[in-house]
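Asker: Have a look at this prediction, sequence included:
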Amino acid sequence: MDYTALIADIRAALPGLSLRAGEPMSRHCSFRVGGPAAAMAFPASREELAALCALLRQKGERPLVIGRGTNILPPDEGLNRIVVNTSRGLGDISRSGNRLTAQCGASLASLANAAAEAGLSGLEFAHGIPGTVGGGIVMNAGAYGGELKDAAVRTEYLDGELRLCQAEGAAQDLSYRHSFLSGRDWVALSVTFALTPGEREEIFARMRELDGRRRDSQPLDMPSAGSAFKRPREGYAAALIDQAGLKGFSVGGAQVSTKHAGFVVNTGGATSADVLGLMEHIQKTVLAQSGVLLEPEIRILRNGEG
């Protein structure tokens, strides 16, 4: 792909679009690692997002759509792709009765706050999840016994042909860290959540309680992507990693958190290769000691792959 020409074509077709050539992925990834993308676009509306995707499809380019980059590991050499960042211009949240509809770029924290302000319960667990609604619905994000599937009733999206579609109820295929969008180049546009009326102060109190539990147990002061591995069928990833004696183990600037063994953190100056090398070492060691092969929860991005 001739990205210089493609970027010129995008600017000519969408002159109002915010587009940055050679934008470092490290600025848009919670690990704070990764080289430059060919370009990063920041659409300001659904219409601009759809027009950009249509143009890129016409040019034979597969865009990478991200939110706040809280569950990705981009490569050190950068990405030979156009990255579409939804976290700046697609954050609207609206209410209709006991339902909230949030655009894909809205943060889960702002969604939980909006629900609490409206006296609606059911999303308290989401307040401390650092990602966006779009990324959250793709992987059915969850914490402390709650998952988006508990409240999500409709997802609006663009399919592979860029048709505007909706998936409702069971059609969203929500299960542990999975949805109907998983593994597909489809774009979540918005999600509608059905919530339960509650006492506003009780809802905020529950959110404060969960935030306190997070601060006490998780390394929130260090760059990471949350849980590095999915929960295995046998036990818990953090416990298996701890039992393997890996808490505090490092590869370069990447370390198994000394506070929570389920987290891989950037202690300063880590590279993507450091993080990947550490995750592979964790997998091999845990497999050898317990017979369990841990599956990454983090999406590892590689050039030439989806």
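Answerer: Done, it's in.
Asker: doesn't residue 124 make contact with residue 142?
Answerer: No: Residue 142 is beyond contact range of residue 124, at 12.0 Å (criterion: CB atoms under 8 Å). Every residue, glycine included, has its C-beta placed from N, CA and C.
Asker: neighbour count winner among the two?
Answerer: residue 124 (24 against 18; other CB atoms under 10 Å).
Asker: Check that one and give its pLDDT.
Answerer: Note on residue 124: pLDDT of 97.
Asker: and it, what does it touch?
Answerer: Contact analysis of residue 124 by CB atoms under 8 Å, 6 or more residues apart in numbering lists 112, 116, 146, 203, 206-207, 210.
Asker: if you set the cut-off to 6 Å instead, what comes out?
Answerer: Contacts for residue 124 (CB atoms under 6 Å, 6 or more residues apart in numbering) come out as 206-207.
Asker: Same check on residue 106?
Answerer: If a contact means CB under 6 Å, 6+ apart, then residue 106 has 91, 93, 133 as its contacts.
Asker: Pick out whichever of these sits closest to residue 238.
Answerer: Checking the contacts of residue 106 against residue 238 by CB to CB gives residue 133 as the nearest, at 26.2 Å.
Asker: my read: that closest one touches residue 191, true?
Answerer: Yes: with contact defined as CB atoms under 6 Å, residue 133 reaches residue 191; the gap is 5.3 Å.
Asker: pLDDT score for the closest residue in space to residue 165 that isn't next to it in sequence?
Answerer: Counting by CB to CB, 6 or more residues apart in numbering, residue 165 lies nearest to residue 159, which is 5.1 Å off, once chain neighbours are set aside. pLDDT recorded at residue 159 is 96.
Asker: start the count at 890, not 1, going forward
Answerer: Let's use 890 as the start, then, which means that last one is residue 1048.
Asker: next one: phi and psi at residue 1048?
Answerer: Main-chain dihedrals, residue 1048, degrees, to the nearest 10: phi -90, psi -170.
Asker: quick one: the helices in the stretch 890-1039 of the chain?
Answerer: Applying DSSP state H, counting those that start in this stretch to the stretch 890-1039 of the chain gives helices spanning 892-902, 935-947, 997-1006, 1022-1027.
Asker: and those, which is most packed in?
Answerer: Comparing the helices of the stretch 890-1039 of the chain by mean neighbour count (mean count of other CB atoms under 10 Å), helix 1022-1027 ranks first with a mean of 29.
Asker: mean confidence for that one?
Answerer: pLDDT averaged over helix 1022-1027 gives 97.
Asker: Now do it: distance to the chain's middle.
Answerer: 7 Å (CA atoms, centre = their mean, to the nearest Å).
Asker: and what of stretch 958-966?
Answerer: For stretch 958-966, the distance to the chain centre is 11 Å (CA atoms, centre = their mean).
Asker: again, but for stretch 919-933
Answerer: From the chain centre to the centre of stretch 919-933 is a distance of 14 Å (CA atoms, centre = their mean).
Asker: Ends of that stretch, what's the gap?
Answerer: Length of stretch 919-933, first residue to last, CA to CA, to the nearest Å: 22 Å.
Asker: which residues touch that stretch?
Answerer: Contact partners of stretch 919-933, identified using CB under 6 Å, 6+ apart, comprise 892, 896, 906-915, 938, 941, 958-959, 963, 965-974, 977-978, 1112, 1114, 1155, 1160-1161.
Asker: Give the rounded mean pLDDT of it.
Answerer: Mean pLDDT, computed over stretch 919-933, is 98.
Asker: in that stretch, what counts as buried?
Answerer: 919-932 (16 or more other CB atoms under 10 Å).
Asker: Bridged to residue 1036, which residues?
Answerer: Taking DSSP bridges, one finds residue 1031 as the beta-bridge partners of residue 1036.
Asker: Now go through the buried residues of stretch 919-933 and say which are in strands.
Answerer: Among those, the ones falling in strands (DSSP state E) are 926-931.
Asker: Could you dump the residues you listed into a markdown table with distance to residue 1169 added?
Answerer: A markdown table is the format used below for these (distance: CB to CB, whole Å):
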| residue | distance to residue 1169 |
| --- | --- |
| 926 | 24 |
| 927 | 27 |
| 928 | 30 |
| 929 | 28 |
| 930 | 32 |
| 931 | 33 |
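Asker: Closest one of these to residue 1193?
Answerer: Using CB to CB, these come closest to residue 1193 at residue 927, 13.4 Å.
Asker: where's that closest one relative to residue 971, distance?
Answerer: Separation of residue 927 from residue 971 (CB to CB, to the nearest Å): 6 Å.
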